[in-house]
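[1] sequence? don't have it. structure:
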Ligand SMILES: C[S@@+](CC[C@H](N)C(=O)[O-])C[C@H]1O[C@@H](n2cnc3c(N)ncnc32)[C@H](O)[C@@H]1O
């Protein structure tokens, strides 16, 4: 594909996404149907689409329309690309620029990062980020870094770096967590390396790793991951410490890969239904990585930023409160209830904890931490609660 054909494809896919199609499914569906597209073409189209979604509003303003064409045009102008050359006409390139579009090209492509956040979310971000809001929101407009977690049960950080280097992936330790590697080259190769296939490393953001590192895991303790999903957090715990790990999720299907991932990591994880958890002995640590807006990770899933509505937030905060209430019943005396989200919004984080503590005066907050994007991490929140 020519660079112009990649732009034309991105425009068409963006139009589908603007009409409501999920971004990832739209891209994978196109890649499957388009045998002519090589891996570099697929990567370039994906980058165009995701860059456009991260900067959707500012790009649409500069490009003159909230359409695939308008957004791509505005994006190319923000990036200083020669849009006139790329919009060279059918059959494979976008229609040539109109006089109006050409006129817009001569105007300024300056952007205020806050433009790329839906307005109703700004006060919540302001509460959490204060003076750092611009820097964090600018980070949300950029591609996310790739991080790996080193499985300390199988290797060391130093050895993992060397093994990855031999397989063409360059990575360096990150100060936020002693298991984290920041991939600086070869990110797309990671899942094909032996280092990954043998369970020495997993893909995981550094803030999740830092959160897991901050839990006081001790050999032999009983740990329940109550919202285990794909198992990222419980595997991270098992990578740090030998203990009894139980995984539960209301949606069993979300845990379907967990047995295989556990095997690869050399970790024994028991999967239990709610009924089985109710009957089991109580746990020293109950970890709840609750469903949330995901606002801390929207640079990875930027279409979610535009789809997310106030009603979604209301439904989520009600569910989070219910999960916290239920999970608290499974904590052993003297144990810890850990509540986590990948959100930057107070109603999902500190407000949620304040409401729980107000209704449950026999509990107190041991510690609370918000990770932010200006620290080099995804946004992530962790509160540790104990019975008084
Ligand atoms: C943020 S995801 C968890 C991600 C996971 N911890 C990981 O690291 O891969 C939240 C999970 O909570 C689950 N969930 C939703 N409602 C629940 C409930 N009432 N009880 C337990 N799990 C629930 C969802 O199915 C989803 O898998």
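    In hand now; what should we look at? Bear in mind the structure is a predicted one, so any value in this text is a computation, not a measurement.

[2] so where's the protein shaky on pLDDT?
    The chain contains residues with pLDDT under 70 at 108.

[3] these two touch, right, residue 114 and residue 137?
    Yes: taking contacts as Cβ atoms under 8 Å, residue 114 lies within contact range of residue 137: 5.7 Å. Bear in mind the C-beta positions are built from the backbone N, C-alpha and C, glycine included.

[4] Pull the residues that contact stretch 85-99.
    Residues outside stretch 85-99 that contact it (Cβ atoms under 8 Å, 6 or more residues apart in numbering): 1-5, 7-8, 11, 69, 72-73, 76, 83-84, 101, 105.

[5] How many neighbouring residues does residue 158 have?
    If you count neighbours by other Cβ atoms under 10 Å, residue 158 ends up with 10.

[6] and it, which of the three is it?
    Here residue 158 is helix, with the state taken from DSSP: H, G, I helix; E, B strand; the rest coil.

[7] do you know how far it is from the ligand?
    26 Å (Cβ to the nearest ligand atom, to the nearest Å).

[8] Quick check: end-to-end length of stretch 339-346?
    13 Å (Cα to Cα, to the nearest Å).

[9] Flag every buried residue along it.
    For stretch 339-346, the neighbour count (16 or more other Cβ atoms under 10 Å) marks 339-346 as buried.

[10] what does stretch 116-132 give?
    Buried residues in stretch 116-132 (16+ other Cβ under 10 Å): 116-117, 121, 124-125, 127-129.

[11] what sits opposite the residue in the stretch 51-200 of the chain that the ligand sits nearest to in the beta ladder?
    Nearest residue of the stretch 51-200 of the chain to the ligand: residue 149, at 11.0 Å (Cβ to the nearest ligand atom). Following DSSP bridges, residue 149 is listed with bridge partners residue 180, residue 202.

[12] Mind jotting down where the strands sit in this structure?
    146-150, 170-174, 177-185, 201-203, 222-225, 244-247, 269-271, 283-289, 331-341, 363-371, 380-387 (DSSP state E).

[13] Can you redo those as TSV, where the extra columns are distance to residue 299?
    Below are these laid out as TSV (distance: least, Cβ to Cβ, whole Å):
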stretch	distance to residue 299
strand 146-150	12
strand 170-174	17
strand 177-185	15
strand 201-203	15
strand 222-225	25
strand 244-247	28
strand 269-271	30
strand 283-289	19
strand 331-341	16
strand 363-371	14
strand 380-387	13
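
[14] what's the spacing between residue 339 and residue 28?
    As for residue 339, its distance to residue 28 is 33 Å (criterion: Cβ to Cβ, to the nearest Å).
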